[in-house]
Structures are given as C-alpha cells and as structure tokens.
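[1] coordinates for the following, if possible.
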Amino acid sequence: MESRRKFLTQLGTVIGLMSGAGWWHRLSAQSVRMHPLSIPGLDAGGERVRVATVGMGIMGFQDTHSVVKVPGVELVGVADLYDGRLRRAKEVFGDRIITTRDYRELIARNDVDAVMIATADLWHNTVAIDALKAGKAVYCEKPMVQHLDQGAGVISAQQQTGHPLQVGSQRVSSVLYAQAKKLYEAGEIGELNLVRAYIDRHDALGAWQYSIPPDASPQTIDFDTFLKDTPKVPFDPVRFFRWRNYRAYGTGIPGDLFVHLLSGLHFITGAYGPERIFATGELSYWKDGRDVPDLMVAVMDYPARSGHHPAFRVMLEVNFADGSGGGSATRLIGTEGVIEITDRTCTLRRQPLPEAPGYGGWDSFGTFPEDVQQAFVAAYDRQYPPQTRIAPPAEEIVFTAPDGYDDHQAHVQHFIDAVRGKVSVVEDAVFGFRAAAPALACNLSYEQQKPVRWDAERMQVMA
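    Modelled structure (predicted):
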C-alpha cells in the first residue's frame with residue numbers, strides 16, 4: 001500500500017507541475033479491502049435463569065426462540081390474550097410450560113427470574129414497571145414506551161428496584177455496529193456532520209398487513225384487556241393482530257423503525273439525542289383503514305456533545321411502498337469519509353481532499369482575461385507547492401458479518417449475561433428512552449405539523 005501511495009504521489013507531483021489545475025480527482029484510484037468479522041465468544045452457561053414471555057406475537061416468539069437457545073435458560077411460561085398463541089406456544093416449547101391470558105400470574109411466580117415483554121406498544125410501560133416491582137429482570141421490546149410522558153416512570157422503576165432492564169433494539173449488540181463505533185471513535189471519517197438512515201420495504205407483511213387467524217373471536221381473544229385505557233370499540237380482529245396500524249395501540253413508523261436507526265446511531269456516537277425534531281409523512285399506498293402514515297421522513301438537529309461528537313444533522317426515511325424493492329442502511333458522513341452500515345456489512349469509505357483547491361474545469365477561472373489568468377496561476381503556484389495538490393487515493397474497507405450471524409441472538413445473550421451479573425445491560429431504561437423519545441416526538445411533530453423542541457439531557461419536551 002505504501003509503495004502504491006508513493007507511486008501515486010510521485011505521479012501526482014508530475015501532473016501537478018504540468019497543469020496546476022483540477023487534476024487531482026482523476027488520480028484517486030480506489031483501494032477496496034475486505035475484512036470478515038468474528039463472532040464474540042458466547043457464554044458457555046452459568047446459573048440457571050428462568051424466564052417468562054408476555055406477548056406471543058411475532059416478536060414474542062422470536063424473543064422466546066432466542067432466549068431458550070442461551071445455555072442455562074429455562075422457559076417457565078408465556079402470556080397472551082389470544083388462546084391460539086398459547087396453544088401454539090405449547091406446540092413449540094412443550095406442554096410443561098405455563099400458559100395464561102393474565103401476565104400478572106407469571107410475574108407473581110417465585111420461579112420466574114426474568115420477563116421478556118413483546119406486547120403491543122401500549123402495554124410496554126405497564127408490564128415493565130409491574131415486572132420490575134415484582135423483582136424480575138426485564139427485556140422490553142422497543143420502543144420502551146408508547147408516549148413521551150411514560151419514560152420517567154420506567155426509568156424510576158428500574159433505578160429504584162436495581163433490577164436489569166434491557167430494551168430490545170439489537171443493533172447495540174451487533175458486531176457491525178461495534179466496528180462502526182471503533183471507526184468513528186478513531187476519527188476515521190473526520191468531523192461528523194450528517195447522518196442519513198433509512199428502512200424501506202415493498203411487501204404487504206412489511207407494511208404490517210399480518211395474517212389473521214380464522215378462529216379469531218371474542219371467545220378466543222380478550223379484546224377488552226387489549227384495549228387497556230384506549231377508547232372502547234367493538235371487537236375487531238384487525239385491530240388486535242395489526243395493532244401497529246393504529247396510533248391508539250402502537251407508535252407507527254417512528255416507534256417501530258426510526259427507533260432502531262436512532263439506537264444504532266446513539267450507540268456509535270454516544271449521542272443523547274436531538275434538540276429539534278421535524279417529521280412529515282403521508283398514507284400513500286396501504287389505505288386499509290390504518291390511521292398512521294406508510295411513508296415518513298424526519299430531520300433532526302443534534303447539538304454538540306463534548307468528547308463525543310460535534311453538532312450534526314440526521315435525516316431518517318421509511319417508505320412502505322418503495323418500488324425499488326426496499327432495503328436499509330445508515331450512513332455517517334464526515335469531513336474525511338463515510339461509515340455505512342447495512343444488514344451484513346460495515347463499510348468505511350475515505351476520499352480525502354488535497355490542501356490545494358485546484359482551478360479550472362467547472363470554475364470561474366476560464367472567465368478571467370488571459371493576463372489575469374496568468375497572474376492567478378503565478379499566485380496559486382506560490383501559495384500551493386506541488387505536495388499540497390495531491391490527494392491520497394480513495395479507500396474502501398468492508399467489514400462483513402460472519403455467516404449465520406444473528407445480532408438479535410447476541411442481544412438476548414447479553415441480557416441473560418446481565419441477569420447473571422456478568423455484564424451491564426447495553427441498552428438500559430435511560431438509553432432506551434433517549435432513543436425512543438425522538439422517534440415518538442416524530443409522531444407529535446407529524447400530528448402538530450411543526451417542529452418539536454427536545455431536551456435530551458433532561459429527557460423532556462421544551463416549551
């Protein structure tokens with residue numbers, strides 16, 4: 001690499017002496033290097049941890065599948081308001097587990113050490129606080145709360161009880177995001193100034209049109225309990241199984257997906273959150289009775305945090321009707337390079353600029369009279385010696401996740417290690433709320449059609 005860089009430097013010097021103009025970008029031959037990442041060693045076991053899951057929907061089953069893979073973990077029981085899911089849990093995890101519609105029966109048991117919470121969003125704070133007060137460790141799916149005024153209650157319960165609480169946004173346990181954090185902290189992209197992040201989809205299931213079982217009825221579903229303190233409505237299986245489509249029960253695109261993007265960003269940069277949030281969106285395609293947008297974009301202004309990052313801007317996007325086929329990425333853009341994280345890669349791209357600005361090409365230089373051009377070149381040559389006109393070659397380093405790597409499994413493993421007292425949780429109540437709050441503020445901004453001012457340090461809306 002050094003000999004190649006020396007060659008390009010020498011070549012650039014020759015051409016620079018010949019032209020002095022905008023030649024440097026043509027020399028930026030790109031070097032691409034691939035680096036497979038390794039999976040951190042997993043704990044071989046330890047004291048037994050007995051868990052229960054509350055909410056056996058899509059994430060409830062995924063969380064339960066993941067937690068029972070951790071050595072030494074025993075599933076005691078599950079709770080759900082649909083009888084069919086309780087029967088399915090026994091089919092998958094064995095007849096010996098306890099099943100109930102009432103989560104309070106599980107958290108009251110002495111043989112339950114930890115609770116996995118994967119209910120609809122409107123129940124997150126209630127179940128989390130009840131479980132903490134009952135002496136349980138808590139793994140709570142994101143967003144930690146449904147509304148901005150609920151964060152303080154969960155934080156207080158976690159701090160007062162001292163029991164572990166980890167929010168279920170797995171990017172903070174990903175080897176890809178850990179690598180991105182190393183690159184960022186090493187200053188590989190210079191000064192961060194902009195973040196662009198998106199999660200786009202192009203299918204019905206990705207747009208929350210989940211399957212509804214044919215036996216759904218008031219007899220098989222405790223719909224009244226599901227509604228909690230929201231307005232009472234007649235039994236509606238669509239609202240129950242597709243609750244993400246309704247603001248009464250879910251948090252829309254921001255709470256489902258923006259919070260993932262923000263969790264990863266905060267983990268990498270050490271940011272507490274933005275001070276100004278503006279979001280807009282529309283219901284453009286999935287007009288199925290939902291009352292939340294299927295397309296949303298947001299802009300956030302992050303103030304400087306000493307020792308962690310300068311002031312920067314964030315642009316978030318989610319589109320459920322992306323005709324290109326969908327995809328996701330987070331790009332941290334700095335003055336000297338870019339870090340881009342996708343589902344399977346973390347890529348560092350560097351394209352340094354030379355000190356000399358260059359002239360000619362798409363420039364005003366050609367509009368000067370000839371004698372003025374000559375004077376300009378003479379002054380330019382005096383100010384910028386040849387070595388200042390040379391840009392190092394562009395670089396691209398791609399870090400790849402190991403085959404079969406699952407960051408969700410790593411996140412659940414970390415939670416169990418925290419329950420055993422071996423590590424601290426990576427996404428506690430404060431971190432979880434600081435990631436959730438700007439996302440929830442996007443809903444507020446969208447509804448009010450104006451920016452929201454947020455105090456990330458104090459975790460409260462500013463007047």
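[2] what's the local residue count around the residue nearest to Phe226 when sequence neighbours are not counted?
    With sequence-adjacent residues excluded and distances taken as Cβ to Cβ, 6 or more residues apart in numbering, Phe226 is closest to Leu81, at 5.3 Å. From N, CA and C alone the C-beta is placed, and that goes for glycine too. Here the number of neighbours of Leu81 (other Cβ atoms under 10 Å) works out to 23.
[3] any idea how far Leu81 is from Leu106?
    13 Å (Cβ to Cβ, to the nearest Å).
[4] Ile97 now?
    Counting by Cβ to Cβ, the gap between Ile97 and Leu106 amounts to 10 Å.
[5] check which residues of the longest helix belonging to the chain are buried.
    Determined from DSSP state H, the single longest helix within the chain is helix 429-448. Under the neighbour-count criterion of 16 or more other Cβ atoms under 10 Å, helix 429-448 has 429-446 buried.
[6] render the CA-only coordinates of stretch 339-354 in PDB, please.
    Only the C-alpha atoms of stretch 339-354 are listed here, as PDB (Å, rounded to 0.1, in the frame of the first residue of the first chain):
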ATOM      1  CA  ILE A 339     -19.200   4.900   7.500                       C
ATOM      2  CA  GLU A 340     -22.100   2.900   6.100                       C
ATOM      3  CA  ILE A 341     -23.800   0.000   7.900                       C
ATOM      4  CA  THR A 342     -26.200  -2.400   6.200                       C
ATOM      5  CA  ASP A 343     -27.700  -5.700   7.400                       C
ATOM      6  CA  ARG A 344     -24.500  -7.600   6.700                       C
ATOM      7  CA  THR A 345     -21.700  -5.100   6.200                       C
ATOM      8  CA  CYS A 346     -20.000  -2.100   7.800                       C
ATOM      9  CA  THR A 347     -18.100  -0.100   5.200                       C
ATOM     10  CA  LEU A 348     -15.500   2.700   5.600                       C
ATOM     11  CA  ARG A 349     -15.000   4.900   2.600                       C
ATOM     12  CA  ARG A 350     -12.400   7.700   2.600                       C
ATOM     13  CA  GLN A 351     -11.900  10.200  -0.100                       C
ATOM     14  CA  PRO A 352      -9.500  12.900   1.400                       C
ATOM     15  CA  LEU A 353      -9.200  16.200  -0.300                       C
ATOM     16  CA  PRO A 354      -5.800  17.900  -1.100                       C
END
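[7] any idea how far that stretch is from the chain center?
    Between the centre of stretch 339-354 and the centre of its chain there are 17 Å (Cα atoms, centre = their mean, to the nearest Å).
[8] just the buried residues of that stretch, please?
    339-341, 345-352, 354.
[9] do the same with stretch 277-287
    Under the neighbour-count criterion of 16+ other Cβ under 10 Å, stretch 277-287 has 277-279, 281, 286 buried.
[10] span of that stretch from start to end?
    Across stretch 277-287, the terminal residues are separated by 27 Å (Cα to Cα, to the nearest Å).
[11] which residues sit against it?
    Stretch 277-287 has contacts (Cβ atoms under 8 Å, 6 or more residues apart in numbering) with 204, 207-209, 253-254, 290, 292-301, 320-321, 438, 441-443, 445-446, 449-452, 454.
[12] 6 Å instead, please
    Residues from elsewhere that reach stretch 277-287, judged by Cβ atoms under 6 Å, 6 or more residues apart in numbering: 207, 293-296, 298-300, 321, 438, 441-442, 445-446, 451-452, 454.
[13] quick check: Val76 touching Thr53?
    No - here Val76 lies out of contact with Thr53, judged by Cβ atoms under 6 Å, at a distance of 9.3 Å.
[14] more neighbours: which of the two?
    Thr53 (30 against 18).
[15] mean confidence for the helix or strand where the more buried one lies?
    Per DSSP states H and E: Thr53 is located in strand 49-54. With pLDDT averaged residue by residue, strand 49-54 scores 98.
[16] same check, this time on stretch 301-321
    Mean predicted confidence for stretch 301-321 is 97.
[17] got the buried residues for it?
    Buried, per 16+ other Cβ under 10 Å, within stretch 301-321: 301-303, 305, 309, 312-314, 316-320.
[18] distance between the ends of that stretch?
    Using Cα to Cα, the two ends of stretch 301-321 sit 27 Å apart.
[19] for stretch 417-434, same thing?
    23 Å.
[20] could you give the mean pLDDT of that stretch?
    For stretch 417-434, the mean confidence score works out to 96.
[21] not counting that stretch itself, show me its contacts.
    Here stretch 417-434 has contacts from 43, 46-47, 49, 114, 137, 144, 151, 154-155, 158, 164-167, 172-173, 272-273, 414, using Cβ under 6 Å, 6+ apart.
[22] among these, which are located in strands?
    49, 114, 137, 165-167 (DSSP state E).
[23] using CSV, lay out these together with distance to Asp130.
    Shown next, in CSV, are those (distance: Cβ to Cβ, whole Å):
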residue, distance to Asp130
Val49, 19
Ala114, 14
Ala137, 13
Leu165, 12
Gln166, 17
Val167, 17
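[24] residue furthest from the geometric center of this protein?
    The C-alpha centroid of the chain is most remote from Asp371, which lies 56.9 Å away (Cα atoms, centre = their mean).
[25] which non-adjacent residue is nearest Asn443?
    In space, and not counting its chain neighbours, Asn443 is closest to Pro254: 5.4 Å by Cβ to Cβ, 6+ apart.
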